[in-house]
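Novice: The sequence isn't on hand, but the structure is:
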């Protein structure tokens, strides 16, 4: 008991009536873009990332200290009572 050609045609007609051709076209292009992005990501995954230029150790330490200080800082706006 499978789906015959007639059943598939009726099913497709109902889908087109419910969603409309424009929405189905948008869904198809979004799905195609996602598949293309996935394939490109898989292709790029095998390559080594480009090495970043060397940074002086002192700069790295200052950057780490600034990042730690930024995480501890709380930004609050004070409001006055009238």
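Specialist: Ah, there it is. Values in this document were obtained by computation on a predicted structure and should not be read as measured data. Residues are numbered from 1 along each chain as shown.
Novice: So which elements touch the helix or strand containing residue 30?
Specialist: According to DSSP states H and E, residue 30 maps onto helix 21-45. Taking 3 or more C-beta pairs under 8 Å, 6 or more residues apart in numbering; DSSP states H and E as contact, the helices and strands that helix 21-45 lies on are helix 5-19. (Each C-beta comes from the backbone N, C-alpha and C, glycine too.)
Novice: Enumerate the positions of the helix it packs on that are buried.
Specialist: Using 16 or more other C-beta atoms under 10 Å as the test for burial, helix 5-19 gives no buried residues.
Novice: ok, residues contacting it?
Specialist: 3, 24, 27 (C-beta atoms under 8 Å, 6 or more residues apart in numbering).
Novice: Need these in TSV (columns: pLDDT and neighbour count).
Specialist: Shown next, in TSV, are the contacts of helix 5-19 (pLDDT from 0 to 100; neighbours: other C-beta atoms under 10 Å):
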residue	pLDDT	neighbour count
3	81	9
24	86	14
27	88	11
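Novice: and which of the residues you listed is nearest residue 45?
Specialist: Relative to residue 45, the closest of those is residue 27; by C-beta to C-beta it sits at 26.9 Å.
Novice: how close does that closest one sit to residue 5?
Specialist: Remark: distance between residue 27 and residue 5 (C-beta to C-beta, to the nearest Å) = 24 Å.
Novice: One more: residue 37?
Specialist: 34 Å.
Novice: swap in residue 14?
Specialist: Residue 14 is 15 Å from residue 5, where distance means C-beta to C-beta.
Novice: cool, residue 22 as well?
Specialist: For residue 22, the distance to residue 5 - C-beta to C-beta - is 26 Å.
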